[in-house]
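S.K.: Sequence first, predicted coordinates after that:
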Amino acid sequence: WLGKHKKKKTRTWSVTQPIIAGERLWTLTCAADLSNGARFVKATRKEATTQVKTFKLSSGTNNTGLHSQGSALAAFCYLGDTARRNQAAGNLNRLADYLVLPDGSDREGSPWYAYYTLRLMQNLAPIYARCGVPFDRIYAATQRLEHFLAASVDPGFHLPMIGDTHRAGLGPKWFPPGSEARWAATRGEEGQPPQSLYEAFKGGYVFG
């Protein structure tokens, strides 16, 4: 791949979109760490730098940015580049606040994407811990998402098929014991039900 895409003109949208770039950067970082090969280290630095420099919040920004910026954070921690590590973490913090509205609803108009975003954010926790970067803003976003997801399930404990959501349930392992999201994920066997029977959200939802 590195040989094929040396030149900028070969880098079409299919290889530069955030989710693909992020997964590739994960692989490069692992390859550099395992081999200590100069070529992999150089490529890791180049790819990670591109991800943080090209990041911006716009109408097309979505959860795929968590892949690109999360991988950049891991890469710069490995490379020992504190300034760019902090830049990647700052991008992730801004992205979390952008994707998850103040009331916990998602900007993308899909409860499934909200659930997917929550899991991506939770998976960032060990990276933040290893890098020694505060996780508070990402954690706060996941807490908001938990409340939204607890309210979003229908009486059959499924996510409603809104936007790109399929008829799916929530997984208990993603939610703490005693929480309303755990109640929704366990079909009422654990946790506590949401306090409100009906609730409206700024993301464009009304749930009951």
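M.R.: All right, it came through fine.
S.K.: Asn91 and Asp81, how far apart?
M.R.: The gap separating Asn91 from Asp81 is 14 Å, by C-beta to C-beta, to the nearest Å. The way it works is simple: take the backbone N, C-alpha and C, and place the C-beta from them, glycine included.
S.K.: So between these two, which is more surrounded?
M.R.: Per other C-beta atoms under 10 Å, whichever of Asn91 and Asp81 has more neighbours is Asn91, with 22 against 17.
S.K.: Please list the outside residues in contact with the helix or strand harbouring the more buried one.
M.R.: Using DSSP states H and E, Asn91 falls within helix 82-99. Residues outside helix 82-99 that contact it (C-beta atoms under 8 Å, 6 or more residues apart in numbering): 48-49, 51-52, 55, 57, 61-63, 65-66, 69-70, 72-73, 76-77, 106-108, 117, 121, 124, 128, 131, 133-134, 137-138, 140-141.
S.K.: Mind giving me the PyMOL select for those, buried ones only?
M.R.: A single PyMOL command selects the buried members of the contacts of helix 82-99 (16 or more other C-beta atoms under 10 Å):
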select buried, resi 48+49+51+52+55+61+62+63+65+66+69+70+72+73+76+77+106+107+108+117+121+124+128+131+133+137+138+141
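S.K.: mean confidence score for the host helix or strand of Thr49?
M.R.: Secondary structure assignment for Thr49, by DSSP H and E: helix 38-54. Averaging pLDDT along helix 38-54 yields 94.
S.K.: got it, and stretch 195-208?
M.R.: 92.
S.K.: can you give me the offset of that stretch from its chain's centre?
M.R.: Between the centre of stretch 195-208 and the centre of its chain there are 23 Å (C-alpha atoms, centre = their mean, to the nearest Å).
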